[in-house]
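Chemist: Here is a sequence together with a model predicted from it:
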Amino acid sequence: MALFNIFSRGKKETLDKGLEKTKDNIFSKLTRVVAGKSQVDEQVLDELEEILISSDVGVDTTIKIIDRIEQRVAHDKYLTTDELTKILREEIADLLMDNNSADIDDFSIPEGRKPYVIMVVGVNGVGKTTTIGKLAHQFKSKGLSVYLGAADTFRAAAVEQLMIWGERVGVPVIRQKMGSDPASVAFDTISSAKSKNADVVIIDTAGRLHNKVNLMNELTKIKNVMSKVVPNTPDEVMLILDGSTGQNAFEQAKQFTAATEVTSLAITKLDGTAKGGVVIGISDQFKIPVKYIGLGEGIEDLQVFRRKEFVDSLFSDK
């Protein structure tokens, strides 16, 4: 029961259900690979490599995983196919730990930093504003006071959606007229939050990637302006990625990590895709901790990413 002391049964069931399509995709293929075989041989490893790549784990990360399993085979001399899923769970969980994806306890913020400022980046359509709303809800449920800043000022739908989430969650949203300077919105948000002694500020930013230089300049300007109110902000730059887009999520991660210093990831829409392996590949390739995963439309369906539970759900045959 130790697992459920830190990870409620309901959340584990949501995780299992959310990753069902990816798990079914992997296991249906894995079952065919090992059918009639008593041990893991070169052919099994070759076909396992294809399975992981087709599940959007990514080529480089897949090679690392296969190398780890090959080392186990060489060391143990004989590895049965029944042991393969257990070995997969262990090696992928270890890989995520190696890549700084250590578990966080819950929706909390570090002590001694007030307000704690999160700047959220990501292209339109990945679930950025929805994730901000759900994150605000989780923080508020912990007793924290939250302010939202609508700094995606060039897209009316983004501002309106954030206002709706603010009303739904019961947290203030700072906005200006359409086309306003995003940095000005960020400045006003942090100023208001500071004056009210708020705990958390979440700033929504525009997600245009057509010109990386412009994106870089805009995000840098927002950072500089925020630091005038609270030095050394933002405390966190969170990139939101749509897990259902597979390899396209890798490309977005490349673009944003080139434009600004991304410090955490949230990967959304994992419940509607068979491409959940993208979480493993992105974490490995970019060495940025995955903090949250989205597993549905409900306000409670944003979960803290826990590597062991994630991998167990993904590779468990139960």
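Modeler: Right, received. Where do you want to start?

Chemist: Need the contact partners of stretch 68-75.
Modeler: For stretch 68-75, the surrounding residues in contact (C-beta atoms under 8 Å, 6 or more residues apart in numbering) are 40, 45, 48, 79, 84, 87-88, 91, 94-95. C-beta coordinates here come from the backbone N, C-alpha and C atoms, glycine included.

Chemist: Repeat the analysis, applying 7 Å as the threshold.
Modeler: For stretch 68-75, contacts defined as C-beta atoms under 7 Å, 6 or more residues apart in numbering pick out 40, 45, 79, 87, 91.

Chemist: do stretch 188-196 as well
Modeler: Stretch 188-196 has contacts (C-beta under 7 Å, 6+ apart) with 115, 117, 147, 149, 174, 201, 203, 226, 229-230, 233.

Chemist: next one: the helix or strand hosting Asp46 to chain centre, how far?
Modeler: Asp46 is located in helix 42-54, with elements delineated by DSSP states H and E. With C-alpha atoms, centre = their mean, to the nearest Å as the basis, helix 42-54 stands 26 Å off its chain's centre.

Chemist: which parts of it are buried?
Modeler: Within helix 42-54, the residues that qualify as buried are 44-45, 48-49, 51-54, counting by 16 or more other C-beta atoms under 10 Å.

Chemist: So for it, mean pLDDT?
Modeler: Averaging pLDDT along helix 42-54 gives 88.

Chemist: With stretch 116-133 instead?
Modeler: The average pLDDT within stretch 116-133 is 93.

Chemist: just stretch 248-266 next, same as before
Modeler: Across stretch 248-266, pLDDT averages out at 90.

Chemist: in it, what counts as buried?
Modeler: Those would be 248-250, 252-253, 255-257, 259-260, 262-266, for stretch 248-266 by 16+ other C-beta under 10 Å.

Chemist: Convert that stretch to PDB, retaining C-alpha atoms only.
Modeler: Presented in PDB, the C-alpha positions along stretch 248-266 are these (Å, rounded to 0.1, in the frame of the first residue of the first chain):
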ATOM      1  CA  ASN A 248       6.200  17.500 -33.900                       C
ATOM      2  CA  ALA A 249       6.400  18.100 -30.100                       C
ATOM      3  CA  PHE A 250      10.200  17.400 -30.400                       C
ATOM      4  CA  GLU A 251      10.500  20.100 -33.000                       C
ATOM      5  CA  GLN A 252       8.500  22.600 -30.800                       C
ATOM      6  CA  ALA A 253      10.800  21.800 -27.900                       C
ATOM      7  CA  LYS A 254      13.800  22.500 -30.100                       C
ATOM      8  CA  GLN A 255      12.400  25.900 -31.100                       C
ATOM      9  CA  PHE A 256      11.500  27.100 -27.600                       C
ATOM     10  CA  THR A 257      14.600  25.800 -25.900                       C
ATOM     11  CA  ALA A 258      16.600  27.800 -28.500                       C
ATOM     12  CA  ALA A 259      14.500  30.900 -27.900                       C
ATOM     13  CA  THR A 260      14.500  30.900 -24.100                       C
ATOM     14  CA  GLU A 261      15.700  28.900 -21.100                       C
ATOM     15  CA  VAL A 262      13.000  26.400 -20.500                       C
ATOM     16  CA  THR A 263      13.100  24.900 -17.000                       C
ATOM     17  CA  SER A 264      10.100  22.600 -16.900                       C
ATOM     18  CA  LEU A 265       7.700  20.800 -19.200                       C
ATOM     19  CA  ALA A 266       4.000  19.900 -19.100                       C
END
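
Chemist: Contacts for it, please.
Modeler: Residues contacting stretch 248-266 (C-beta under 7 Å, 6+ apart): 58, 121, 123, 131, 209, 212, 215-216, 219, 236-243, 278, 281-282, 285-286, 288-292, 294.
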